[in-house]
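Visitor: Model the structure of this input:
(2 chains)
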Amino acid sequence: MAAPRLRDAGEAALVAEFGDTVDPAISDRVLALDDALRAAAPEGLRETVPTYRSLMIHYDPLVLDREALAGRVRDLAARPAAGRPGAARWTLPCCYDPVLAEDIGAVAQATGLAPAQVAALHAGAEYRVYMYGFAPGFAYLGGLPEALAVSRRATPRPPHPPNALLIGGGLAAVGTFPMPTGWYVVGRTPERLYAPGRDAPFPVAVGDTLRFAAVDAATFADLDRRAAAGEAVATREAA
Amino acid sequence: MSAASLSILSAGPGATIQDGGRHGYLRYGITAAGPMDPLAHATANRALDNEAGATAIEISLGGIELTAEGGPVGVALAGGDMRLSLDGAPLPPAVAVTLEPGAALRVRAGRSGAWTYLAVAGRLDVAPMLGSTATHTRSGFGGLEGRALRPGDRLRVADPRPGPAEPHALLAPWLDRPPERIRVVLGPQDDFFAEDQVAAFLSGPWTVTPRGDRMACFLDGTPLRHARGYNIVSDGIAMGAIQVPGEGRPIVLMADRQSTGGYPKIATVIGPDLGRLAQAQAGTRIGFRAVTLAQAVAARRAEAEALRPAVAREPLRRTEFTAEFLLGRNLIGGVVDAGA
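Guide: Got it, this is the predicted structure:
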């Protein structure tokens, strides 16, 4: 296996790059290194940030020597990836009713599909959580069907509703906190990817897979109330 | 006796609660926040023998006015060259003082510097969120309801310790940091720029624009050209990362930055110089100097060693006062004489 390219992001962060594209095989290697590094964290490791193609490793250079860290990273990255025993498969309820899926009509228009077909395609796919970024609980997902690969908007739309299913630029995302966005809102889930009141405030980990199960607006409203009260409304199985 | 607290009488738009930052959640897209000038924040805390990352108030150019209620509160301030006064009497910009109930401490913008920090002798009683009190206003996290401080806010001081019996100037020469030469480590994407463009970046000069905030510092100057395009597949962003978007003017990502981003990052400001940059007011001309990783680590070690002991201080009357401070004292002396 090709060794990752190591780049310094200042004296307290090291970036291990496995490629420069969005690719499940690259993501596998990023996540394998992330798992291995965290399973036996060297003293001075502060936190790691997996992205599509790289792992950013924040460390305290007064405790952990850069060359020692780099050596450890090279060793771990040379091991064959042993699958991801910790990864989970989630099914999140999702409502595609145009009242909640504010932009599903615009996506239908852009793709030449009927809104119901957009919903069926989106709900029929399995997604991998590649990374979080942009905003708290904003999850970038790979696995969007080709037929839904619309460009991002030329100018951002006003803030999306909370817990929105977004698509744009060939990718899908879950937007937890309302933010102006260049993506399209094609559905809403009642589940929270950031649930501060629960034992596990971030239920979904990078590397987990997601599916969406369509529910009607009345069911969404009921589940949304229950989720707001602290209940987990997604189902989880070990992958 | 009711517990002592700090009461906010007036506050500019940028006064927030900050501890050392909300670490460990970048992988979920949670911004660390924390102080813009970590060195000054740590200095204010270490002046009162607090931990370097203890909860303090970050004060912007918008200033603040506050008082103690329910009992005296020992405070220390450190940061930019701001104008401080206690009931109208000027104080030096780095100072430890005890606020008696009703005494008004005022912080206003000064000649240089953009941020100052107020730490308390004791603990500012703010409920942590994900293990930190740091305020990130964009996501409404931390501090008081995730927002900036405003008049009427009351901050209880838990486990109070006595402050100094008389005002003391802090002896923290490391806070005198001219912005002409901010040290950077090149990368992680300096290979997106031809050598002459890396040289142009380092020779500058760059001017700090008024557009900056806690998220980023925007620089103006001759735009840089990319050799290999300016879109990269998003990767992580360290504090101090200098990204160069398509139009070529560098943006330094600071405390409230997003956790990931998709522009090439030509260099990264070293940790010990983050405050040097943060304190540069709009219009300030700055420059960068590339250092090796070893030099950056040595600077970080020197900083940690300076802050290991409590910050030295001396009573104001023995301090070499600035001209401004002496002027203030003379004016007050005059008033007292006139009434005698």
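Visitor: Where does the prediction get shaky in chain A?
Guide: A:82, A:239 (pLDDT under 70).
Visitor: Downstream of whichever strand in chain B runs longest, the next helix or strand is which one?
Guide: Longest strand of chain B, by residue count under DSSP state E: strand B:104-120. The helix or strand immediately downstream of strand B:104-120 is strand B:123-124, counting by DSSP states H and E.
Visitor: Show me what that next one is packed against.
Guide: strand B:154-158 (3 or more Cβ pairs under 8 Å, 6 or more residues apart in numbering or on different chains; DSSP states H and E). Quick note: C-beta positions are derived from backbone N, CA and C, even for glycine.
Visitor: Just the angle for the strand it packs on relative to strand B:104-120, thanks.
Guide: Interaxial angle, strand B:154-158 versus strand B:104-120 (axes from the mean of the first three to the mean of the last three Cα atoms, to 10 degrees): 50 degrees.
Visitor: Listing partners with orientation, what would you give for strand B:154-158?
Guide: strand B:5-11 (antiparallel), strand B:123-124 (antiparallel) (DSSP bridges).
Visitor: Those strands: which one's closest to residue B:229?
Guide: Evaluated with Cβ to Cβ, the strands paired with strand B:154-158 place strand B:5-11 nearest to residue B:229, the distance being 43.7 Å.
Visitor: which helices and strands sit right next to the helix or strand following that closest one?
Guide: Downstream of strand B:5-11, the next assigned helix or strand under DSSP H and E is strand B:16-18. Other elements packing on strand B:16-18 under the criterion 3+ Cβ pairs under 8 Å, 6+ apart are strand B:56-59.
Visitor: Name the surrounding residues that touch the strand it packs on.
Guide: The contact list for strand B:56-59, computed with Cβ atoms under 8 Å, 6 or more residues apart in numbering or on different chains, reads B:6, B:12, B:14-19, B:35-36, B:41, B:44-45, B:64, B:79, B:82, B:107, B:115-120, B:124, B:149, B:155.
Visitor: Helices along the stretch 1-150 of chain B, start to end?
Guide: B:38-46 (DSSP state H, counting those that start in this stretch).
Visitor: What parts of it come near chain A?
Guide: Contact residues (Cβ under 8 Å from any Cβ of the partner chain) of the stretch 1-150 of chain B with chain A: B:23-31, B:129-130, B:139, B:141.
Visitor: One more pass at 6 Å, please.
Guide: Residues of the stretch 1-150 of chain B lying close to chain A by Cβ under 6 Å from any Cβ of the partner chain are B:24, B:26-30, B:139.
Visitor: any chance of the strands paired with strand B:154-158 in a markdown table, plus mean neighbour count and mean pLDDT?
Guide: Output for those, formatted as a markdown table (neighbours: other Cβ atoms under 10 Å in any protein chain shown; pLDDT from 0 to 100):
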| stretch | mean neighbour count | mean pLDDT |
| --- | --- | --- |
| strand B:5-11 | 20 | 98 |
| strand B:123-124 | 20 | 98 |
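Visitor: Of these, which is nearest residue A:176?
Guide: Closest to residue A:176 of these is strand B:123-124 (Cβ to Cβ; 28.8 Å).
Visitor: which residues touch the closest one?
Guide: With Cβ atoms under 6 Å, 6 or more residues apart in numbering or on different chains as the test, strand B:123-124 has contacts from B:55, B:155, B:158-159.
Visitor: pLDDT score assigned to residue B:316?
Guide: At residue B:316, the model reports a pLDDT of 88.
Visitor: And for it, the neighbour number?
Guide: When neighbours are defined as other Cβ atoms under 10 Å in any protein chain shown, residue B:316 has 18 of them.
Visitor: If we ignore the residues flanking it in sequence, what's nearest it?
Guide: Closest residue to residue B:316 apart from its sequence neighbours, by Cβ to Cβ, 6 or more residues apart in numbering or on different chains: residue B:167 at 4.8 Å.
Visitor: In contact with that neighbour, which residues?
Guide: With Cβ under 6 Å, 6+ apart, residue B:167 has these contacts: B:95, B:97, B:316.
Visitor: ok, these vs chain A, which is closest?
Guide: residue B:95 (29.2 Å; Cβ to the nearest Cβ).
Visitor: and the closest one, how many neighbours?
Guide: Residue B:95 has 23 nearby residues by other Cβ under 10 Å.
Visitor: What residues are bridge-paired with it?
Guide: residue B:77, residue B:169.
Visitor: The one 10 residues further on now?
Guide: When assigned by DSSP bridges, residue B:105 has beta-bridge partners residue B:66, residue B:86.
Visitor: Give me the three-state assignment for residue A:120.
Guide: helix (DSSP: H, G, I helix; E, B strand; the rest coil).
Visitor: From residue A:185, how far out is it?
Guide: 17 Å (Cβ to Cβ, to the nearest Å).
Visitor: again, but for residue A:104
Guide: 8 Å.
Visitor: Of all the strands paired with strand B:154-158, which one is nearest residue A:37?
Guide: Nearest to residue A:37 among these is strand B:123-124 (34.0 Å), distances taken as Cβ to Cβ.
Visitor: Scan chain A for its longest helix.
Guide: With secondary structure taken from DSSP state H, chain A has its longest helix at helix A:24-39.
Visitor: When residue A:120 and residue A:185 are compared, which one has more neighbours?
Guide: Between residue A:120 and residue A:185, counted using other Cβ under 10 Å, residue A:185 has the larger neighbour count: 21 against 15.
Visitor: What residues does the more buried one make contact with?
Guide: Contacts of residue A:185 (Cβ under 6 Å, 6+ apart): A:102-103, A:160, A:164.
Visitor: can we see that at 10 Å?
Guide: A:100-104, A:106-107, A:157, A:160-161, A:164-167, A:175 (Cβ atoms under 10 Å, 6 or more residues apart in numbering or on different chains).
Visitor: Appreciated, that's everything.
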